[in-house]
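need coordinates for the below:
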Amino acid sequence: MMSAAAVIAAGATCGTLALSATAAPSAPAGNPLAPLTADQIAKKAATDLKAAASFHYHGSSKDSGQTYSISLSVTHKGCTGWFGDGRNGGFAILGIGKKLWIQPNDKFWEYGGIPASEVPLVRGMWLEPTATGRNSLFALFASLCNANKLVPAFAPQLTGLVKGKTIEISGHLALQLRNGSGQESIYVSISSKPEILRISDDGTITFSEYGARVRLTPPPSSDVITLPSASPNARSLQHLLRGL
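Here you go, the predicted model:
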């Protein structure tokens, strides 16, 4: 399951041309992006994303026929949102500073090895992974919850781009910046301060709600189970349940 999250991260960094987009009029006269190259625009949009007080992104990616979805609101202090799939369930994510919690739904508790009859005992509980190694659950989601770490993952797509079509995304005129093959694209708003609105490849990641207020509140300590292992696999979850 955790490697599946890495697939979503990959989707977020490259993101689908196979998306439904409504054709929009050409950019208006005086287009502030006209003098800039595609690479310059992409770099500027990435810088603006890093500087944004907050933003939201959501989307999906496929791996071995399974679709994984993510929806996160990100601030400079942390993030809150959701990750999951249709087969194994999912979990809420909350990150504040150097702390991270996940709150599994019933289906994910069962996927983790908890018998359905015992799920009510842990329903609503949060797991706090304390391991912070490279392959830990914390490290995996830290890059998804931090704009400064998320943006560098775009690096392979921020060079060698060309300007493409103009479409409309959520009421905003957006300029396509695509790679040479046309299989990967970044869509940015047409403005003096371009914002990344969509990244597309074999998955689609949509960005919105720049600057929106995001409330980050840690869960009550009574609702938190400390998870020292790198990932909540079946054995560790069952062990934790026996200790409740």
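
for the host helix or strand of residue 177, what is the distance to the chain centroid?
Assigned by DSSP states H and E, residue 177 falls within strand 172-178. Chain-centre distance of strand 172-178: 20 Å, with CA atoms, centre = their mean, to the nearest Å.

sheet partners, orientation included, of it?
Looking at strand 172-178 with DSSP bridges, its partner strands are strand 162-169 (antiparallel), strand 185-189 (antiparallel).

which one of those strands lies nearest to residue 141?
Nearest to residue 141, of all the strands paired with strand 172-178, is strand 185-189, at 22.9 Å by CB to CB. C-beta coordinates here come from the backbone N, C-alpha and C atoms, glycine included.

my understanding was that residue 185 contacts residue 169; is that so?
No - shown here, residue 185 and residue 169 do not form a contact pair, counting by CB atoms under 8 Å, at 11.6 Å.

more neighbours, these two?
residue 185 (22 against 19; other CB atoms under 10 Å).

tell me what the more buried one is bridged to.
Residues in a beta bridge with residue 185, per DSSP bridges, are residue 178, residue 200.

and if you look at residue 81?
Beta-bridge pairing for residue 81 (DSSP bridges): residue 72, residue 93.

need the contact list for it.
By CB atoms under 8 Å, 6 or more residues apart in numbering, the residues touching residue 81 are 58, 70, 71, 72, 73, 92, 93.

just the element for the closest residue in space to the third one that isn't next to it in sequence, please.
It stands for residue 71. Nearest residue to residue 71, sequence neighbours excluded (CB to CB, 6 or more residues apart in numbering): residue 58, at 3.8 Å. Element membership for residue 58, per DSSP H and E: strand 54-63.

now for that strand, which elements pack on it?
With contacts taken as 3 or more CB pairs under 8 Å, 6 or more residues apart in numbering; DSSP states H and E, strand 54-63 sits against helix 2-14, strand 66-75, strand 203-208.

for the ones you listed, which has the smallest mean pLDDT value?
For the helices and strands packed on strand 54-63, mean pLDDT drops lowest on helix 2-14, to a mean of 34.

returning to that earlier point: and the average pLDDT for the strand holding residue 177 is what?
Strand 172-178 comes out at a mean pLDDT of 94.

burial count for residue 180?
Residue 180 has 9 neighbours, counted by other CB under 10 Å.

where does the residue nearest to it when sequence neighbours are not counted land in three-state SS?
In space, and not counting its chain neighbours, residue 180 is closest to residue 160: 6.3 Å by CB to CB, 6+ apart. What DSSP: H, G, I helix; E, B strand; the rest coil gives for residue 160 is coil.

need the max-distance pair from the contacts of residue 81.
The most widely separated members of the contacts of residue 81 are 58 and 92, with 13.8 Å between them, by CB to CB.

quick revisit: dump the C-alpha coordinates for the strand holding residue 177 into PDB.
The C-alpha coordinates for strand 172-178 follow below in PDB (Å, rounded to 0.1, in the frame of the first residue of the first chain):
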ATOM      1  CA  HIS A 172      -9.200  30.300 -15.400                       C
ATOM      2  CA  LEU A 173      -7.500  30.600 -18.800                       C
ATOM      3  CA  ALA A 174      -4.600  28.200 -18.700                       C
ATOM      4  CA  LEU A 175      -1.600  27.800 -20.900                       C
ATOM      5  CA  GLN A 176      -0.300  24.300 -21.700                       C
ATOM      6  CA  LEU A 177       3.400  23.700 -21.300                       C
ATOM      7  CA  ARG A 178       4.200  20.300 -22.800                       C
END
